[in-house]
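S.K.: Here is my input; please provide its structure:
(one chain, ligands or ions: 3)
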Amino acid sequence: MGTPLEEWVEEQARLTQPERIYWCDGSEEEAHRLIEIGLKEEKLCGRPVFHELNQKLWPNSYLHRSHPTDVARTEHLTFVCHPDRETAGPTNNWMDPKEAKELLTNLTKGCMKGRTMYVLPYMMGHPNSPYARACVQLTDSVYVAVSMRIMTRMGKQALERIGNSEDFVRGLHSIGDLDPNRRFIMHFPDENLVWSIGSGYGGNALLGKKCFSLRIASWLGYHQGWLAEHMIIIGIEAPEGDITYIAAAFPSACGKTNLAMLESPLTGYKVWTLGDDIAWLNIGHDGRLYAINPETGFFGVAPGTSEKTNPNMMRTLKAGTFYPTLFTNTALNVETNEPWWDGLTETVPSRLLDWQGRPWDLSFGEKAAHPNSRFTVSIYQCPTLSPEFDNPKGVPISAIIFGARRSATVPLVYESFNWQHGVFIGASMASETTPAAVHQVGVLRRDPMAMLPFCGYNMADYFRHWLEMGRRMPNPPKIFFVNWFRKDESGEFLWLGFSENMRVLKWIVERVKGKVGSREIPVGFVPHLEDLDLEGLKIPNGHLEKLFAVNYDEWQTELEDIRKFFEQFGDRLPTELWQEYHALKKRLERLVRCSM
Ligand code: GTP
Ligand code: SPV
Ligand code: MN
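M.R.: Ligands and ions are numbered 1, 2, ... in the order given. Have a look, this model is predicted:
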């Protein structure tokens, strides 16, 4: 008899029938070996899984091209399999667990024939953290194995933590035949199990990330009194040397990674990076909210990343340590053997292969790099990594920011009146969709707390849990909303964004410290314009006013859409959210009466 882990692995091997089973130890030597396998042996669409990039300019970097139908998360193929549909709620795809397992068993039978099954033991969270979880993922993709080693703490410590116990998070992954008709990402929250077949793409295949650390972990958090959130964690150092920690949620491809590594244009201010995608939030013994980032890497959007927009990411990508850096579905500069994407350089290189490896020219009518092309890189290479990153306790959060991509309606920044109003702001937020998932891009959809695709249970219960968390903290963090993406009539961004977002962060920090006042408008508190540090910026006349304008008609449409969204949850929706809804409606009515 083996350990429960060994027995589970054997059972899965009987189902998937791999040619060999390989237990990863997470060592540097092993990473080299896995890269070698990807360069020489393992093939995808008839070519090696990895292509070695210019090692002088991009040390330890490799290019991966995924299957052309497998380039983003597939929300329509992602299911949360609770025993009953109501627990999954109206915003999740649901399947009965028994039915789901039958379906998956059929798809998984023999799917690893002739392939290697990699056993990846890993920790989400620092091994010494009381909040960390031991997990094991099985996969038949060497790209996934290498990616997981960058994104998680892989190896011995996880195995030691599991030992003889049954208490580990299980992930079974196979790329299957990459047929989208046989692709499913299924979650079994009550069994701590994720089962994913038919995709090798990031969020569908790196099962420690969205699948466990958000969908399953949010369910654990609901029962155990904590929160798993789609949030960055940063520390903002002020000229006095003190650091204010902030967590911020934005939907996919709406600016988290950029904000997490922002290089401050304001003298004396510095941003320290702790996380760019996921935060686990626990209430500490002192009644404050503590955040850890369970991951150890960035799986970041390539397009738009450059020395100008995100110099710290460029340094991270080129740091070249013993962690490999992977590029997925970027273009390739044939002359220099470098990765390339829109925005990386001012001029387009003369000879490019597109993300599928085809010679590219402007007449293609399609971008050379896929709009959702990404890099996978270790957080330990980040020059702004906070010295607190490995602190098992996490960092105390003083402010929570929700943000979205809204070309109209929503001001640059506003503050909630209190925690309950802040939860309403988060619960009612919407954002224009991006290429991070397979769907129509640029469509406005409600995306509460940036968790629509990631909350593993009924979002009405999730909102109630948020309200309850606030009641348990004597001084809960202040809640803010930001929108870097508001546009003028000609479709141009009104705000410079990127590093200039520091100016908004500064106001937020000063609000937390009680150093500046604010002005009340119907949606919340906004800055007195003179309190925003805009030194050195040239902002065209009228832009600031437009950035903070509240348009009655636009907000009527907004209210209507929020109402429809909330109504789907029926009686399950906490009454506090309806109270906030009606209060906002009233404040807006007053606005129109005043301006008449
Ligand atoms: P996920 O990894 O999908 O969760 O995305 P993310 O939220 O980390 O988004 P990221 O920072 O990678 O940014 C996504 C896209 O938005 C990139 O193309 C960025 O260049 C762009 N972007 C980020 N911040 C800003 C900003 O302040 N203003 C504007 N206009 N664009 C931004
Ligand atoms: C996102 O889509 O929010 C990502 C990329 O961060 S993925 O890992 O695919 O979820
Ligand atoms: Mn994300």
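S.K.: ok, now which ones touch residue 493?
M.R.: Residue 493 is in contact with 484-487, counting by CB atoms under 8 Å, 6 or more residues apart in numbering. Yep, even glycine has a C-beta here, placed from its N, CA and C like the rest.
S.K.: Identify the farthest-apart pair in these.
M.R.: 484 and 487 (10.8 Å; CB to CB).
S.K.: For the two, indicate the residue with more neighbours.
M.R.: Using other CB atoms under 10 Å as the criterion, residue 484 and residue 487 rank with residue 484 on top: 25 against 14.
S.K.: Might one say that that one is in contact with residue 501?
M.R.: Yes: shown here, residue 484 and residue 501 form a contact pair, counting by CB atoms under 8 Å, at 6.1 Å.
S.K.: who touches both of those two?
M.R.: Common neighbours of residue 484 and residue 501 (CB under 8 Å, 6+ apart) are residue 255.
S.K.: For the helix-or-strand element of the chain with minimal mean pLDDT, C-alpha coordinates in PDB please.
M.R.: Every helix and strand in the chain was compared by mean pLDDT, DSSP states H and E; the lowest is helix 575-595, with a mean of 91. Extracted C-alpha coordinates of helix 575-595, given in PDB (Å, rounded to 0.1, in the frame of the first residue of the first chain):
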ATOM      1  CA  THR A 575     -30.800  43.200   1.000                       C
ATOM      2  CA  GLU A 576     -27.900  45.500   1.800                       C
ATOM      3  CA  LEU A 577     -27.000  45.600  -1.900                       C
ATOM      4  CA  TRP A 578     -30.500  46.600  -2.800                       C
ATOM      5  CA  GLN A 579     -30.400  49.300  -0.100                       C
ATOM      6  CA  GLU A 580     -27.200  50.700  -1.700                       C
ATOM      7  CA  TYR A 581     -28.700  50.400  -5.100                       C
ATOM      8  CA  HIS A 582     -31.700  52.500  -4.100                       C
ATOM      9  CA  ALA A 583     -29.500  55.000  -2.200                       C
ATOM     10  CA  LEU A 584     -27.400  55.500  -5.300                       C
ATOM     11  CA  LYS A 585     -30.600  56.000  -7.400                       C
ATOM     12  CA  LYS A 586     -31.800  58.600  -5.000                       C
ATOM     13  CA  ARG A 587     -28.500  60.500  -5.000                       C
ATOM     14  CA  LEU A 588     -28.600  60.600  -8.800                       C
ATOM     15  CA  GLU A 589     -32.100  61.900  -8.800                       C
ATOM     16  CA  ARG A 590     -31.000  64.700  -6.500                       C
ATOM     17  CA  LEU A 591     -28.200  65.400  -9.000                       C
ATOM     18  CA  VAL A 592     -30.600  66.000 -11.800                       C
ATOM     19  CA  ARG A 593     -32.900  68.100  -9.700                       C
ATOM     20  CA  CYS A 594     -30.000  70.300  -8.600                       C
ATOM     21  CA  SER A 595     -28.700  70.900 -12.100                       C
END
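S.K.: Run a quick neighbour tally on the residue lying closest to residue 48 once chain neighbours are set aside.
M.R.: Closest residue to residue 48 apart from its sequence neighbours, by CB to CB, 6 or more residues apart in numbering: residue 39 at 5.6 Å. Using other CB under 10 Å, residue 39 has 15 neighbouring residues.
S.K.: So residue 39: helix, strand or coil?
M.R.: What DSSP: H, G, I helix; E, B strand; the rest coil gives for residue 39 is helix.
S.K.: Let me know the distance separating it from ligand 1.
M.R.: Distance, residue 39 to ligand 1, by CB to the nearest ligand atom, to the nearest Å: 27 Å.
S.K.: How about residue 279?
M.R.: Residue 279 is 12 Å from ligand 1, by CB to the nearest ligand atom.
S.K.: Next one, pLDDT for that residue please.
M.R.: On the pLDDT scale, residue 279 is placed at 99.
S.K.: again, but for residue 365
M.R.: For residue 365, the predicted pLDDT is 89.
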